[in-house]
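> 3D model of this:
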Amino acid sequence: MNNITMIFKKLVIRGVDNEYVCHFKKGLNLIWGDLDSGKSSILNLIDYALGGNFDELQLDYDELRAKGRFIQLEVEFNSEVVTIERVLGSKINTVKLYKCRQNETENVYPLICGASSSSSEPDGWLSDTILDMLSIPKVRIKESKKKDNADSDRLSFRDLMKLVYLKQKKVAGDNLMDAANPYVHNKNIEVQKFIYGVHDDQLSELNEQLKIESSMIASLKRNAQNIRDFLKSTDSLVDTSEEYESISRDLEFIDKEIDLLKNSKNHALVVSNGIKNQISSLDERIKTISRSIRKDKDQLKSYSKLKSTYQHDISCVKASLKMRELLSERELQKNKSSCPLCSSMIELSDPVIDNQSINYEINSLRNRLSGCDKAIKTLLDKIKNQVSEKEALDKNLGELRSKFDVDNLEFLSPTIDALIKAESLKRNLIGHHSLLKKNIMLTKKLDDNYTQIESRGINLEKIKREISTIESELDSIDDVINDISSEFSALMARSKLTNNYGASIDFNFMPVFRNRKYSQISSGGVRTILSVNLYIARIKYILKNGAHLPSTLLLDTPGQNIGRYARKDSNESENLSDPSIYEEIYQQIKEIKDLSEDMNYQIIVVDNDLPNCLDESDFNLVKRFDKSNSDYEKGLINDA
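A predicted model of the protein is given here:
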């Protein structure tokens, strides 16, 4: 089989304020440093980007939970570089996949995929997309070969990740390879038979895959033709990238000119705003005086009416006195008399008012009339003064407005006109710029379709070749188990463990040591070495023989349960405090590069310490976290 590669290039965590970046290379990559600094989170986030469950992400690193918003993983699948983007959230099933590098995603339409098989996203299940890029057939795996009625399940990339990623909780764990769950464990066994080429259901599944691939190619061709027809209808089939870049430069130049014009406009506004403020002040003063004049005139009108009333009352009282002089004593005693004011007959039931009281009333009315005259005179003088002041202010206001209009016409209007023209030109260019960008992105989408058609065509031919030769190519499961056991036994022979015998891999692809199954080993340290060497043996076998599995390995804390430093006077039957045991794990990982020749592989290891057996040239240091040394980052989220 061919060597399949999955090389991680970059992991970007986009946070609230900053982004946090990890760079990876081919070969061995190390992440080491203090406890609780986010080391394991890096591997967990890679797994999450590749369709992992958020609940399994275990965001127990508080700083990541507080700061992280979404992640971008740049990864190379069989020489095809893509960027996978996913929001950090428990109910986020949507994954964006860009057919480009991480720094080019803004100019590319992504595929919208789902993290689970039940998703309804337009571009389907992320697992299928990754399997296609890895050229791994999407077969169905039977949960158990011993049951005729056992269910079959589609091969998922998540099934393969279990063979690539040894999580910290799985190292030395009881549930290594899901051994505690018989149904899942049986499926894992069948998956491994498939990846090693001994899966006897492969023929029927490959025929089904042949049908699916043919259908997908036809669908891609239809989609490509639709895009091509649209671009042709808009005369956009030609390369418009140079025009797009030219307009981008023009827009940048116009933005600078607009900034200059706005600065000029602001200067003119400072000058005119002084006049404008004076105009506003005068206008407000004139309005205040006008309101005061109206109020005073209303008061003047009221006083004038009051004055007329007083004058009328005085006239009536005087007429009453004169009438009294004309009446005889006998007439004054009458019960009825003609009213001197209205000539109607009135009853004279009230006692007769004496002349002294009437004279007193006349004097009182005259005093009130005099006060009313004074108030009227005061109001007239006040109104006259206010009218004079208003006329002077109106004249000043007219002069200021004339000056304001002249200044605006001379200084501000040309600047505003230029701004309007520049903004209009910018809008027109933006419209055309957006159209060109859309066409360029559609052209890239068309190119992606052609690339997928070509890739699927190659995969289709590969499936045809596999179908025609599969029976002769199927390896014996005995041969595969023997080869993997040989790799595992060689690793265990160098492990520095005492009582070192009986190491092999059983037909469930599980480790055996001292002729005992993994589940029968109680020592945590021994289990650690067994589980780590199982994964190392697998990648060594893949590099030598090929498989339907990427030559990639993610190890989280392979040295746990093993003492980094030797204990004095240890009476333990298992001397797992010997640093040579810890060093040997890394020595075996280091030597993998001698097997790779020209083949690409990648190993990423997370640990709390740096082994002495490694030189700087042996590995790429992804991150070193040290909370007590300012020369290093204190954690993955370094600004918390």
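> Quick one: neighbours of Ile84, just the number.
Number of residues near Ile84 (other C-beta atoms under 10 Å) recorded here: 25. C-beta: built from backbone N, CA, C; applies to glycine.
> how far away is it from Asn612?
According to C-beta to C-beta, to the nearest Å, Ile84 and Asn612 sit 36 Å apart.
> now swap in Met510 and tell me
32 Å.
> Equivalent analysis for Ser41, please.
From Ser41 over to Asn612 (counting by C-beta to C-beta), the distance is 26 Å.
> chain center to the helix or strand containing Asp447, what's the gap?
Per DSSP states H and E: Asp447 is located in helix 413-473. Relative to its chain's centre, helix 413-473 lies at 23 Å (C-alpha atoms, centre = their mean, to the nearest Å).
> Could you point out the helix or strand that follows that helix?
helix 477-493.
> Give the other helices and strands that that following helix contacts.
Applying 3 or more C-beta pairs under 8 Å, 6 or more residues apart in numbering; DSSP states H and E, one finds that helix 477-493 contacts strand 504-505, helix 524-545.
> out of these, deepest packed?
helix 524-545 (a mean of 23; mean count of other C-beta atoms under 10 Å).
> report the angle between the axes of it and helix 477-493?
Relative orientation of helix 524-545 versus helix 477-493 (axes from the mean of the first three to the mean of the last three C-alpha atoms, to 10 degrees): 130 degrees.
> so what does helix 524-545 touch, helix or strand wise?
Judged by 3+ C-beta pairs under 8 Å, 6+ apart, the packing partners of helix 524-545 are strand 165-166, helix 477-493, strand 511-513, strand 552-556, helix 579-590, helix 593-596.
> hmm, try it at 6 Å
Judged by 3 or more C-beta pairs under 6 Å, 6 or more residues apart in numbering; DSSP states H and E, helix 524-545 is in contact with helix 477-493, strand 511-513.
> Let me know which of these is tucked in deepest.
By mean count of other C-beta under 10 Å, the helices and strands packed on helix 524-545 have strand 511-513 as the most buried, with a mean of 25.
> what ranges of the stretch 501-640 of the chain fall below the confidence cut-off?
563-578, 596-597, 640 (pLDDT under 70).
> Kindly recompute the last result at 90.
523-525, 559-582, 593-600, 608-612, 626-640 (pLDDT under 90).
> returning to that earlier point: Ser41 and Asn612: who's more crowded?
Counted by other C-beta under 10 Å, Ser41 and Asn612 do not tie: Ser41 has more neighbours, with 25 against 10.
> Assess the claim that that one and Glu63 are in contact.
No. The criterion here is C-beta atoms under 6 Å, and Ser41 misses it with Glu63 at 9.2 Å.
> Can you say which helix or strand has Asn363 in it?
Following DSSP H and E, the helix or strand that holds Asn363 is helix 355-407.
> For that helix, which helices and strands make contact with it?
Checking 3+ C-beta pairs under 6 Å, 6+ apart, helix 355-407 ends up next to helix 241-326.
> got the angle between the helix it packs on and helix 355-407?
Inter-element angle recorded for helix 241-326 and helix 355-407: 160 degrees (by the same axes, to 10 degrees).
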